[in-house]
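S.K.: 3D, please:
(one chain, ligands or ions: 1)
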Amino acid sequence: MGQTPTLHVLYTCPFCWKVRGLIEYLKLDVNYVSVNGMKIKKEVNFVEDWGKVPVFTDEKGEHHVDSTPLLKHIDSAYNNGKLAAIGDAERQLEWLEWSDTKMSKATIPILYGTIGSALKTTLKISKIEKFGFFSRRLYAWAGFPIMWGIIARKRVKNDGRKPKQLWHDLLTEFTEAHNAQPYFGGETPDLVDFSVFGYMRSISPIPSILIA
Ligand SMILES: N[C@@H](CCC(=O)N[C@@H](CS)C(=O)NCC(=O)O)C(=O)O
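M.R.: Residues are numbered from 1 along each chain as shown. So this is what the prediction gives:
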């Protein structure tokens with residue numbers, strides 16, 4: 001038995017949503033621990049040389065990190081590896097890689113690619129994530145010009161497509177690979193579905209109940 005597993009998360013983090021999606025699908029009993037987005041390194045310093053979320057701590061107190069290996073670990077430890085065993089293993093690995101390179105790069109431009117969306121995103125994040133009194137205000141007002149002006153603009157420029165177009169193209173590519181099945185995994189989701197879900201969920205509008 002041991003302790004109830006925990007997952008250290010940020011609400012708006014795509015990598016955390018990948019793992020959360022799988023945990024909820026498998027109906028595992030896991031406690032979520034929200035970290036302060038300005039102090040991630042400090043809050044997960046119990047894992048050596050990592051400094052990122054998500055961090056999964058299992059019932060034995062062992063820590064597991066990095067969302068894609070974590071998806072595989074949770075499926076293997078709590079689900080007899082059933083999701084990894086769906087369909088062709090090579091196809092699954094190839095698309096997990098696709099999701100982690102293509103989808104992960106598309107989230108920043110859509111959230112911060114215009115000055116309006118950047119402001120909206122940082123204001124929302126400052127309302128729903130855990131922050132200190134000053135860091136919340138600092139993040140909301142100093143965060144958006146940085147994200148928009150430096151990070152997102154560079155990514156949008158590199159790709160050349162408008163953020164929404166890029167996102168639509170990726171979703172088309174992904175759904176075409178479903179081969180007319182409801183999920184990438186076929187009748188039921190596999191690990192790739194949870195990976196793409198994480199990126200999708202992180203750019204989805206946040207329910208107003210959470211930011212009221
Ligand atoms: N490859 C990691 C990436 C995790 C990651 O970059 N998480 C972000 C939050 S969305 C983070 O904790 N960043 C803190 C930092 O890099 O200092 C994974 O897939 O879990």
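S.K.: What sits closest to Y199 if chain neighbours are left out?
M.R.: Closest residue in space to Y199, ignoring its immediate chain neighbours: M103 at 4.0 Å, by C-beta to C-beta, 6 or more residues apart in numbering. Quick note: C-beta positions are derived from backbone N, CA and C, even for glycine.
S.K.: Let me see the contact set for that neighbour.
M.R.: Taking C-beta atoms under 8 Å, 6 or more residues apart in numbering as the definition of contact, the neighbours of M103 are 14, 170, 195-196, 199-200.
S.K.: Counting by contacts, list what the one helix or strand R137 maps to packs against.
M.R.: According to DSSP states H and E, R137 maps onto helix 133-146. Contact analysis of helix 133-146 by 3 or more C-beta pairs under 8 Å, 6 or more residues apart in numbering; DSSP states H and E lists helix 115-128 as its packing neighbours.
S.K.: For the helix it packs on, C-alpha coordinates in PDB please.
M.R.: Extracted C-alpha coordinates of helix 115-128, given in PDB (Å, rounded to 0.1, in the frame of the first residue of the first chain):
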ATOM      1  CA  ILE A 115      -0.200  40.900 -27.700                       C
ATOM      2  CA  GLY A 116      -3.900  40.500 -26.900                       C
ATOM      3  CA  SER A 117      -3.600  36.700 -26.400                       C
ATOM      4  CA  ALA A 118      -0.400  37.100 -24.400                       C
ATOM      5  CA  LEU A 119      -2.100  39.500 -22.000                       C
ATOM      6  CA  LYS A 120      -5.200  37.300 -21.700                       C
ATOM      7  CA  THR A 121      -3.100  34.200 -21.000                       C
ATOM      8  CA  THR A 122      -0.800  35.800 -18.400                       C
ATOM      9  CA  LEU A 123      -3.800  37.400 -16.600                       C
ATOM     10  CA  LYS A 124      -5.600  34.100 -16.500                       C
ATOM     11  CA  ILE A 125      -2.500  32.200 -15.300                       C
ATOM     12  CA  SER A 126      -1.900  34.800 -12.600                       C
ATOM     13  CA  LYS A 127      -5.500  34.200 -11.400                       C
ATOM     14  CA  ILE A 128      -5.500  30.400 -11.300                       C
END
